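**Q** A predicted structure for the sequence below; I have some questions about it.
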Amino acid sequence: MYKFFFLLSLFSVWISAQKQIHIQYLNVRSTIANVYEDLYTDGTRVISKQDGNIMWTDPSFNKNNSKGQDFYFISTIDTTTKDRNFFFTTFVKDNAEDYYLVYDKVPHIDWLIDKETTKKILGYDCIKATANFRGSPITAFFTKEIPYSVGPFKFFGLPGAILDVRVDGQNYDLWKAVKVDLNDTAKIDYNPEFPGYTKAKMQDFVKLKDASNTSFMNNSKVAGSTGKVATVRMGIEKLFEWETTP
Amino acid sequence: MKKIFLVAAFSAAGFMNANGTVENKFDAQKSTEQKEALVAFQLCGVMVTYFNSQGQPTGQTWFTSDQPNLNSCMAYQAGVIADLRSQGYNVKALQPNSDVNP
């Protein structure tokens, strides 16, 4: 009898774990732009899309009222390794239709879980966790009630879905869940094709991006001024695992 | 080829030492030929953050110039903004952003 209930409960967990869930985040991308990011997972495959419809803090930034670029982050939940393989879409040169599909093996994120600090997000009990993600100190809140080790952007590695994650001390570079659907029925293509995109490994892509940004800023001169490039890495990823200084 | 001027630049202005003043010190002990005019200049700067067309920050450049006083520095900073605008940038002074969920 006990065996029956044990198997039944195991089956229930398995069924619930195979449901497709959808988490929508509000991503404060920068001091001037916000976007929605929609994450879908079936328990194994994960795809997250940052929507190209940018919500600008100042409407004058989008005079043409045009849609921006969607950015995809695709991965697979693999419990046999602590790293996670991501493929994401991006570009090197702005406004140049210079699109890339980048392979990024994101190393294990060394989370420090603080079980004593909790809060409710969208009705879910969430636990605080902190880590350093590629040079940025981050704080996340995850819930074990959604038993998928997923998060927006390239965040992963917690025993539950991340519903809130942000860089410490900033009011941007943050993701906050605004909707959770545990029974999502949308038909999702977890392996979309990106024809025309240049494929690159992360290390090569970072070199290209740094060089492109540096070149762009070096070409921006102001008469009577001495211009010095302060940094070309303004996002979360400031320091990569293969380098000691940015 | 798309127009590239969707990029916005923001500026955060600052004078390195707002208490700086112009000094003309003449050493009365020296002869006329030996008098030295010492004019103190302060470093005046504008930090410009560049954003791409997707609203992502792409880098920061620190524009500087020696200026004798705060008024000159402010005029210089306005000049930097005007120069960037003339190049096609949409320039806004950096405003503190209110958190969506503090």
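**A** Looks like it came in fine.
**Q** and the closest residue to A:Phe156 other than its chain neighbours, bridged to which residues?
**A** Excluding the flanking residues, the one nearest A:Phe156 by C-beta to C-beta, 6 or more residues apart in numbering or on different chains is A:Arg84, at 5.1 Å. For glycine as for every other residue, the C-beta is placed from the backbone atoms N, C-alpha and C. Judged by DSSP bridges, the bridge partners of A:Arg84 are A:Val106.
**Q** ok now do A:Arg84, which residues does it touch?
**A** Listed by C-beta atoms under 8 Å, 6 or more residues apart in numbering or on different chains, the contact set of A:Arg84 reads A:Ser75, A:Thr76, A:Ile77, A:Asp78, A:Lys105, A:Val106, A:Lys154, A:Phe156, A:Gly157.
**Q** name the SS class of the closest residue to the last one other than its chain neighbours, please.
**A** Think A:Gly157. Of all residues not flanking A:Gly157 in the chain, A:Ile109 sits nearest, at 4.5 Å (C-beta to C-beta, 6+ apart). Classification of A:Ile109 by DSSP: H, G, I helix; E, B strand; the rest coil places it in coil.
**Q** please name the residues that touch A:Ile109.
**A** Residues in contact with A:Ile109 (C-beta under 8 Å, 6+ apart) are A:Ala131, A:Phe133, A:Phe155, A:Phe156, A:Gly157.
**Q** looking at these, which is nearest B:Gln77?
**A** Nearest to B:Gln77, judged by C-beta to C-beta, of these is A:Phe133 at 34.8 Å.
**Q** buried residues in stretch B:82-90?
**A** B:Asp83, B:Leu84, B:Tyr89, B:Asn90 (16 or more other C-beta atoms under 10 Å in any protein chain shown).
**Q** show me what the residue of chain A found nearest chain B is bridged to.
**A** Distance from chain B to each residue of chain A (C-beta to the nearest C-beta) is smallest for A:Ala33, at 2.5 Å. For A:Ala33, the beta-bridge partners are A:Trp56 (DSSP bridges).
**Q** surely it is in contact with B:Gln54?
**A** Yes: A:Ala33 is in contact with B:Gln54 according to C-beta atoms under 8 Å; the separation is 7.3 Å.
**Q** which residues are in contact with each of those two?
**A** Common neighbours of A:Ala33 and B:Gln54 (C-beta under 8 Å, 6+ apart) are A:Ile54.
**Q** who has more neighbours out of those two?
**A** A:Ala33 (24 against 21; other C-beta atoms under 10 Å in any protein chain shown).
**Q** which residues touch the more buried one?
**A** By C-beta under 8 Å, 6+ apart, the neighbours of A:Ala33 are A:Ile54, A:Met55, A:Trp56, A:Thr57, A:Phe61, B:Phe51, B:Gln54, B:Gly55, B:Gln56.
**Q** right, I'll leave it there.
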